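[1] no FASTA, just this:
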């Protein structure tokens, strides 16, 4: 079945950077109708959208993510990425990737913890 395996989280100091990865199997992230995204869930809060990307690579970001977060993908590696720069303590959360090949199917990664603390 479809799997999304995430990596790249960890503990980082404020102002630092991280790149999260989400490797897909049994599904091609380069598919014509696919959309994908990154979400995050901070302790005690609801999961919120960080960024989305269409099959044509049009990317949209949440307001808080503008300018510091960059979503990208490598079709050859079947992997998508989230680069986070100038990390702030309020970026501390579990980050999730997802892929939606059609309106009825959504797949999620297992989540990766990002902790921003000095």
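    Ah, there it is. Keep in mind the model is a prediction, meaning the values are calculated, not measured.
[2] need the contact partners of the helix or strand encompassing residue 20.
    Remark: residue 20 resides in strand 18-25, with elements defined by DSSP states H and E. Counting contacts by C-beta atoms under 8 Å, 6 or more residues apart in numbering, the residues outside strand 18-25 that touch it are 2-10, 12, 38, 77-84, 87, 95, 97, 99, 109, 112, 114. The C-beta positions use only the backbone N, C-alpha and C, and glycine is treated the same way.
[3] what comes up buried for it?
    18, 20, 21, 22, 23, 24 (16 or more other C-beta atoms under 10 Å).
[4] repeat for stretch 100-114
    For stretch 100-114, the neighbour count (16+ other C-beta under 10 Å) marks 101, 107, 108, 109, 111, 112, 114 as buried.
[5] likewise for stretch 30-48?
    Of the residues in stretch 30-48, those buried by neighbour count under the rule 16+ other C-beta under 10 Å are 34, 35, 36, 37, 38, 39, 40.
[6] sec struct for the third one, please.
    Right, residue 36. Look at residue 36: counting by DSSP: H, G, I helix; E, B strand; the rest coil, its state is strand.
[7] on that earlier part again, adding secondary structure, write the buried residues of stretch 100-114 out as a markdown table.
    Converted to a markdown table, the buried residues of stretch 100-114 look like this (three-state DSSP):
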| residue | secondary structure |
| --- | --- |
| 101 | strand |
| 107 | strand |
| 108 | strand |
| 109 | coil |
| 111 | coil |
| 112 | strand |
| 114 | strand |
